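[1] Have a look; sequence and predicted model below, questions after that.
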Amino acid sequence: MTSSPIADRLAFFDILSTAARAITLPLFRSGVAAENKAPSEGKPGYDPVTEADIEAERELRRLIRDRFPNDSIEGEELPGHRGTNEFSWTLDPIDGTRGFVAGVPVWSTLIALSQHGEPVLGLIDLPALNIRAFGDISGEPTATLIHDDGTQTRLTVRTIDALSYARLGCTQPFGMFGPGELAAYKIIQSGVAFSRLGLDAFGYVMLAQGRMDLIIEGGLKPCDVRALMPVIIGAGGVITDWHGGNPKDGPRLVACGSPALMPELYTYLGRAML
């Protein structure tokens, strides 16, 4: 296989996810205390951070700086590093910290590589479930599910022709939506087959696998979004903001396995801004 800047970094994802697992998984199994970082950031509510979040991000940054010193790095917990080339890593060592603290196994490690500011490689690693979803849209889009025995399955979304058939996911509608956003979400929820909550990034893996059809979320940061994009696009789905734009910086996100449903969804979601 011919080496290239993308190929070199693609191969590095396994090293990064393995290093993160070595820190996060033992602490998940034993239990770990969490601190509320919201007050220190001048925000209301509860936004937990654990020792596992910080230590894993610090280790991932060290590995990237050692191997690719000119790449930029942006993370959930630590200050960003501005590099000198077109590549940038976006890290969220524990996406779903509330689930992590509560012993719910759908938390994940999110790692994304962007080139010229656009995500091209993305990993959703679910250590407690021992599966990883990887998306590559640097060329022809592809997405794979990597199982605990190392075997891989191609990820392909399910397509439906009406919103009434959709299986809808959202992590926490009452926590991540304002009143107008929640109203728009409820309109859509009332017209789908059923909805499931509390999945964090695992829901996007289920969408890419064809088990879910639609995810609508808000209040997201770049570290929450960028790893998801190559996985959903690579599996044949679509992922945008609530107006059809680029979702890479958040905060609102809609992901769907059926592009034909998007105009109807935008009609409802657009009302949230009124």
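    In hand now; what should we look at?
[2] from here on, contacts and neighbour counts on C-alpha atoms
    Noted.
[3] can you list the domains in the chain?
    As assigned by automatic domain parsing, the chain contains the domains 5-154, 163-273.
[4] which stretch in those is the model least sure about?
    The weakest mean pLDDT among the domains of the chain belongs to domain 5-154, with a mean of 90.
[5] Tell me how far that one lies from the chain's centre.
    How far domain 5-154 lies from its chain's middle: 9 Å, per C-alpha atoms, centre = their mean, to the nearest Å.
[6] What segments of this protein are helices?
    5-30, 51-67, 97-102, 173-176, 179-189, 202-208, 222-225, 228-234, 262-270 (DSSP state H).
[7] which strands and helices sit next to the second one?
    With contacts defined as 3 or more C-alpha pairs under 8 Å, 6 or more residues apart in numbering; DSSP states H and E, the secondary structure elements packing on helix 51-67 are helix 5-30, strand 87-95.
[8] could the ones you listed be laid out in TSV, adding mean neighbour count and distance to residue 202?
    Converted to TSV, the helices and strands packed on helix 51-67 look like this (neighbours: other C-alpha atoms under 10 Å; distance: least, C-alpha to C-alpha, whole Å):
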stretch	mean neighbour count	distance to residue 202
helix 5-30	16	16
strand 87-95	26	10
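[9] mind putting the ones you listed in TSV, distance to residue 217 included?
    Shown next, in TSV, are those (distance: least, C-alpha to C-alpha, whole Å):
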stretch	distance to residue 217
helix 5-30	25
strand 87-95	14
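[10] Could you measure from the most centrally placed residue in the chain over to residue 137?
    By C-alpha atoms, centre = their mean, the chain has its centre lying nearest to residue 228, at 4.0 Å. Going from residue 228 to residue 137 by C-alpha to C-alpha, to the nearest Å gives 11 Å.
[11] got it, and residue 9?
    For residue 9, the distance to residue 137 - C-alpha to C-alpha - is 13 Å.
[12] ok, and what's touching stretch 115-122?
    Contacting residues not belonging to stretch 115-122 are listed as 10, 86-88, 110-114, 134-138, 226-231, 248 [C-alpha atoms under 8 Å, 6 or more residues apart in numbering].
[13] make it 6 Å
    86-87, 111-114, 134-138, 226-227, 230 (C-alpha atoms under 6 Å, 6 or more residues apart in numbering).
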